[in-house]
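Chemist: Return atomic coordinates for the entry below.
(2 chains)
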Amino acid sequence: MTARSQKPAPSSSPSVAARIRGTWSAGTRAFARGSRVPYIVLLLLLVAFPFIDGNQSHIGIAQDAGRWILLALGLNIVVGYAGLLDLGYAAFFAIGAYSYAMLASGQFNVHVPFWFLLLASAFIAALFGVILGAPTLRLRGDYLAIVTLGFGEIVPRVFRNSSKFTGGVNGIVGVDQPFIPKVFGFPGYHFLFNPVPYYYVILAVLVISILLIINLRNSRLGRAWMAIREDEVAAASTGINTVTTKLLAFALGASFSGFAGTYYSAYLFVVTPEAFSFQAVSIVVLIMIVLGGMGNITGVIVGALIIYALQSYVLVQLPGWLNSLQSSINLPFLQGVDLGSYAQDSKYLIFGIILVGIMLLRPQGLIPSAQRKVELELGTQDEAVADLRGSA
Amino acid sequence: MGTVLETRGVSKRFGGLLAVNEVDLQVEEGEIFAMIGPNGAGKTTMFNMIAGLYKPTSGQILFRGKSIYPIREFWRNYTPLLAGYYAVADRVRRGLGFGPMPLALRPHAVTTLGIARTFQNIRLFSFMSVLENVMVGEHCRMHAQVYDSLLRTPRAVSEERRVQERARDLLKFVGLERYSEEYARNLPYGHQRRLEIARALASGPRLLMLDEPAAGFNPQEKVELIQLIQQIRSQGVTIFLIEHDMKVVMEISQRIVVLDYGEKIAEGPPEQVRNDPRVVEAYLGKPA
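Modeler: All right, here's what the predicted structure looks like:
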C-alpha cells in the first residue's frame, strides 16, 4: 500500500494502553511495509513448482489458471477501479487471440514472432478498447453494461462469419508455437506442447502485470479512476477529464486481455470463435472479481483461483465423487438413483448456488479492498477508549 | 483588481421552465460576493452553468475576460482520435437531419482555468481517504502521464510526494490534518464541508464558488466557517457564495445579488439589499 503517515503520537505521558497501541501499530506498519518477504517466498515457490511437481497436466492447469488471473486483473481495472460495468470483456480477449492467430500462422502465411505480438496485441486490444469506449462515454451503469454486452457478442460473431480471414466456425488451426531463437550461443528452444515453458511465460507476464497494476492503483490515474467511480460529477468538477480517464481505463483493461489472448492462442495451437462467448469468458471473469473483492488485487487473484477451481475441477469431479459416495454408504432409499448424472445435469445450478451462498456470506467479496477501513475503524475505536480512560 | 467573473445575459431553459433569465453578474477580484434568493430562484443552476455542468441556453460567461466555452479549447481537450470520431458523428448527424453533434460539457476544463466549487449536497469521494480526496483536487495541476503512472518514473514519484505534501498543508489549513487517513464518509458533517473546501482549494483556484457552505451548521460552526472563508480570501482567492443564512451573508459579503424566479431583482452592498422593497417582497410576500 501507499506510504501511510502515522498519527501524531500523544505527546504527554503515554499511558500503558497508548504504549501498547504504539507497539502494535508499529508492528502492523512494519508488516505492511516489510511484507515483501512472503511474496518473494511465494514467487520462488511458483518458480520452483515445475521442478517439485513433475506431473505435466498439473502444470497445464496452473498455466490455465494464470491466464484467468490475468484476465481478471485486466477487468478489475475497468470494473473495480473505474467502476465501469463491462460485460463484453471477452471481445478484447478474442481480439488478442485472433490478432496472434492471424499474424502468426499459415492463415496468411505471415509468421510474426510470438514475443513481439505478445506486446503488440496488447496495443491492438487497447486500441479496440478505445474504439468501444468512445461511443459509450456518455452512458452510465446499466446502459453501459448493455452496450458492452453487445460489443462482446458482436466481436466473436464477426470472427465467426468472416470466414475468409478467420477460418469461420472452424477457426484458425496451426497457430505458431513460440520459440526462443538462437542467440549468443544459446541453442534455441521450441515450446511445442510442453506446458512448462508456457507456465513460465504466464508467470512472468503475471508478475509484471501485477507490478504495473499496483503502480497504477497508487498513481494520479488510479486516483482519478476511483474518484470517477465514487462520483463522476464531483470528479469532473474537481478537474478530472472524465473522457480521457475512462478511455484509459478501457484501453489499459483491454490491453491485459490482449496479452492473455495471444498467450491463449499460442498455447492451444488453435482459436475458434466459440471460445469467447459471454458465458464462457465475460461473465466468468466478472464473477471472479466480484466474488474475490473488486478493486483489490489479492482478492481478484483469490477469486479467479476459486472460480477456476470450481469450474474446471470441482464441478467436473462432482458426479464421480457423488457416485463413489453413494456406493460406499449404500443407503437403501438411494439405490437406483443416479446421483452422479443428476449432478452432471444440474452442474450450473450447483455453481449458481455456491455463488449465491458466497455472496450472501460475504457481499463485499472474499478479500475486499475495504480491509483498510476495518483497520481504521478499529484504530479509532481504540482511541475513543483511550480518551475515556484519560478523562476518568 | 478587475473583474474575475462576468455573466452577460445568461439564460437557462429546462423544457418549459425558464430557470435563469438574462442574468448579468460581475464578480470583482478579491471580494466576497454572495448570491441569495428564495428556493428555486435559479442560484444553483447559475453555479452549474459557471462550473460547466450545464450549458447556458443563451448568454456568455467570461472568466477573466475570456469565455469559458471556447470551441477551440474543446477540440484541444479531446484526444485526437475522439475528435475524429466526433467530427464524423457530427457530419452523419447533420446529414440525417439531427442537427449538429452536441458538444459535451467540460467541467474539468473550467476547473483548470481556475474556478473551483463545492456542492450544496456534499459530494465527496466517500470511500477514498481524506488525504486522497484532496489529492484528487490537485489532479488538474499534475503532469504525470500514463507511462509515468504505469512505470512509477522518478518524475511521478517526486510529483506524488509534492502533491501529498501540499494536500497535507491544505488539510492543516482547514483543520482536518488528524483525519487524513480516515474515509471521507466517516467524517462528521461539518468536517465533510471543510474537506470539500480543501478539495476545491487544491486545484489552486482564483475563484472559489461555495454552494450553501453553512447549511446545517450550528452557530459555533458558522463562526468558524466565516473565519475560514475570510482566511481563504486573504490569500487572494475571490469568493462567490450562495447562502440562505442571512446572518452569515450580511456579515461577510461585500456585495450581494438577489435572484427571484430566475431574474436578478437587486444587487449591491448588504445594507442596501436588506432594505430593498423588492427583496423583502420576494422573501416575505407582497403586503396585503
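Chemist: For the stretch 51-200 of chain B, which segments count as strands?
Modeler: Counting by DSSP state E, counting those that start in this stretch, the stretch 51-200 of chain B has strands at residues B:58-63, B:66-67, B:115-117.
Chemist: can you list the residues that contact the shortest one?
Modeler: Residues lying outside strand B:66-67 but in contact with it, judged by Cβ atoms under 8 Å, 6 or more residues apart in numbering or on different chains, are B:60-61. Where C-beta positions appear, they are placed from N, C-alpha and C, glycine not excepted.
Chemist: average pLDDT for that strand?
Modeler: Averaged across strand B:66-67, the pLDDT comes to 77.
Chemist: Strand partners (parallel or antiparallel) of that strand?
Modeler: Strand B:66-67 has the following sheet partners, assigned by DSSP bridges: strand B:58-63 (antiparallel).
Chemist: How about residue B:253: what's its closest non-neighbour residue?
Modeler: residue B:34 (3.8 Å; Cβ to Cβ, 6 or more residues apart in numbering or on different chains).
Chemist: give me the beta-bridge partners of that neighbour?
Modeler: Following DSSP bridges, residue B:34 is listed with bridge partners residue B:241, residue B:256.
Chemist: Please report how far it lies from chain A.
Modeler: In this structure, residue B:34 and chain A are 20 Å apart, going by Cβ to the nearest Cβ, to the nearest Å.
Chemist: Give me the contact list for stretch A:196-204.
Modeler: Residues from elsewhere that reach stretch A:196-204, judged by Cβ under 8 Å, 6+ apart: A:46-47, A:49-50, A:56, A:59, A:62-63, A:66-67, A:70, A:178, A:189, A:191, A:263, A:266-267.
Chemist: Any idea how far that stretch is from the middle of the chain?
Modeler: A distance of 17 Å separates the centroid of the chain from that of stretch A:196-204, by Cα atoms, centre = their mean, to the nearest Å.
Chemist: for that stretch, which positions count as buried?
Modeler: Using 16 or more other Cβ atoms under 10 Å in any protein chain shown as the test for burial, stretch A:196-204 gives A:196-203.
Chemist: pull the helix or strand with minimum mean pLDDT from chain B.
Modeler: Of all helical and strand segments in chain B, the minimum by mean pLDDT, DSSP states H and E falls on helix B:71-77, at a mean of 53.
Chemist: which residues touch residue A:123?
Modeler: Per Cβ under 8 Å, 6+ apart, neighbours of residue A:123: A:255, A:258.
Chemist: oh, I was asking about residue A:46
Modeler: residue A:203.
Chemist: in chain A, which residue is closest to the centre?
Modeler: The residue lying closest to the centre of chain A (Cα atoms, centre = their mean) is residue A:72, at 1.8 Å.
Chemist: I figured that residue hits residue A:301, correct?
Modeler: Yes. The criterion here is Cβ atoms under 8 Å, and residue A:72 meets it with residue A:301 at 7.3 Å.
Chemist: Find residues that contact each of the two.
Modeler: What both residue A:72 and residue A:301 touch, as defined by Cβ under 8 Å, 6+ apart, is the set residue A:292.
Chemist: Which residue is it, in the stretch 151-288 of chain B, that comes closest to chain A?
Modeler: residue B:152 (4.4 Å; Cβ to the nearest Cβ).
Chemist: Check that residue and give its pLDDT.
Modeler: Value for residue B:152, per-residue pLDDT: 91.
Chemist: Now do it against residue A:219, distance only.
Modeler: 7 Å (Cβ to Cβ, to the nearest Å).
Chemist: neighbour-wise, which of these two wins?
Modeler: residue A:219 (23 against 19; other Cβ atoms under 10 Å in any protein chain shown).
Chemist: Let me see the contact set for the more buried one.
Modeler: By Cβ under 8 Å, 6+ apart, the neighbours of residue A:219 are B:144, B:148-150, B:152, B:156, B:160.
Chemist: would you list those in a markdown table and tack on distance to residue B:87?
Modeler: As requested, the contacts of residue A:219 are exported to a markdown table (distance: Cβ to Cβ, whole Å):
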| residue | distance to residue B:87 |
| --- | --- |
| B:144 | 29 |
| B:148 | 30 |
| B:149 | 29 |
| B:150 | 30 |
| B:152 | 36 |
| B:156 | 33 |
| B:160 | 36 |
